[in-house]
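Q: Here is the input, now give the coordinates:
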Amino acid sequence: MEPTRQGSAPVSGRARQGMFGVRGTGDTSGYGGLRLPAYVPPAAERPYGGWFDEFADNFFAALNEQGLPADTVQQVTVDRGEITFYVQRDHLLEVCRTLRDDPALRFELCSSVSGVDYGQEVPQRLHSVYHLTSMTYRRRIRLDVALEWPNDTGDPPRVPSVVPVYPTADFQERETWDMFGIVYDGHPALTRILMPDDWDGHPQRKDYPLGGIPVEYKGAEIPPPDQRRAYS
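A: Numbering: from 1, shown residues only. Just a heads-up that it's a prediction; the model follows:
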């Protein structure tokens, strides 16, 4: 079982700008100065190097034994000494169970669940990302689920909750829902964890305003970056 590479990689985003080196805008947040090209690691080819090849052989063999489709893993990338597997949303739970339970894999811990927003111009705009740790073999990998959103129905982006496999993901999925608006189907209590329950919007999406939003502290309001006082 080998990964396919069609329609799987995150589409390269637009060039980014902001953060450091701001000049003349009065933007003390720094979001007017930094300019970086959007970067997505290319698909990796074997040999991946190090323990990655042995692990990949065992991983794909285990998925094949479970009867999962050949395109369950859509792409593999190796970048900065880390390996990432882009996984189909509908098979995420089966992949996690295989990684946890197979004797040759033993990824017992989900140490992180987070979101990524590549921006409105990217079809696979939102990604749900999982860092898994094998305490048995002292290894770490990353799973990435790319979500087609916005969609024609107007529904929020959805992905299965991995809490039934990794209970540690409970609060982490809540935070990702709170910040990015990704709905984790099957989560035991998907409620906000950082923002108030009635908060409108998801603050870490790229289209969320940087300021000018009323807050619940004595009538205070955070001004937009271009209206903040500049410091020389």
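
Q: make it CA atoms for all contacts and neighbour counts henceforth
A: Will do.

Q: And the top helix by length along the chain, what's buried?
A: Using DSSP state H to define each element, the chain has its longest helix at helix 52-65. Going by neighbour count (16 or more other C-alpha atoms under 10 Å), the buried part of helix 52-65 is 52, 56, 58-60, 62-63.

Q: want to throw the residues you listed into a markdown table with pLDDT and distance to Asp101?
A: Output for those, formatted as a markdown table (pLDDT from 0 to 100; distance: C-alpha to C-alpha, whole Å):
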| residue | pLDDT | distance to Asp101 |
| --- | --- | --- |
| Phe52 | 97 | 19 |
| Ala56 | 96 | 16 |
| Asn58 | 97 | 12 |
| Phe59 | 97 | 11 |
| Phe60 | 97 | 14 |
| Ala62 | 97 | 10 |
| Leu63 | 97 | 12 |
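
Q: re the thing from before, which secondary structure elements does the longest helix of the chain contact?
A: In terms of contacts (3 or more C-alpha pairs under 8 Å, 6 or more residues apart in numbering; DSSP states H and E), helix 52-65 is packed against helix 92-101.

Q: Counting neighbours, which bits of the helix it packs on end up buried?
A: For helix 92-101, the buried set under the neighbour-count rule, 16+ other C-alpha under 10 Å, comprises 92-100.

Q: Name the residues that touch it?
A: The list of residues contacting helix 92-101 from outside it, by C-alpha atoms under 8 Å, 6 or more residues apart in numbering, reads 59, 62-63, 66, 105-109, 160-162, 165.

Q: Mind checking which of the residues you listed are buried?
A: Looking at these with 16+ other C-alpha under 10 Å, the buried ones turn out to be 59, 62-63, 105-109, 160-162, 165.

Q: just to revisit the earlier point, what angle do the longest helix of the chain and helix 92-101 make?
A: 120 degrees (axes from the mean of the first three to the mean of the last three C-alpha atoms, to 10 degrees).

Q: distance between the helix or strand just after helix 52-65 and the chain's centre?
A: Elements were assigned by DSSP states H and E; along the chain past helix 52-65, the next helix or strand is strand 73-79. Distance of strand 73-79 from the chain centroid (C-alpha atoms, centre = their mean, to the nearest Å) equals 14 Å.

Q: Name every strand pairing with strand 73-79 and say which way it goes.
A: Looking at strand 73-79 with DSSP bridges, its partner strands are strand 82-87 (antiparallel).

Q: what pLDDT does the nearest residue to Glu108 once chain neighbours are set aside get?
A: By the measure of C-alpha to C-alpha, 6 or more residues apart in numbering, the closest residue to Glu108 outside its immediate chain neighbours is Arg100, 5.1 Å from it. Each residue has a pLDDT score; the one for Arg100 is 98.

Q: go on, Glu2?
A: 59.

Q: what's the answer for Leu190, then?
A: Turning to Leu190, the model gives it a pLDDT of 95.

Q: Leaving out sequence neighbours, find the closest residue to it.
A: For Leu190, the nearest residue in space outside its immediate sequence neighbours is Arg174; the separation is 5.6 Å by C-alpha to C-alpha, 6+ apart.

Q: so is that neighbour in a helix, a strand, or just coil?
A: Secondary structure, DSSP: H, G, I helix; E, B strand; the rest coil: Arg174 is helix.

Q: List the contacts of it.
A: 190-193.

Q: Quick one: the residues you listed as TSV, columns for secondary structure too.
A: Putting the contacts of Arg174 into TSV (three-state DSSP) gives the following:
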residue	secondary structure
Leu190	coil
Thr191	coil
Arg192	coil
Ile193	coil
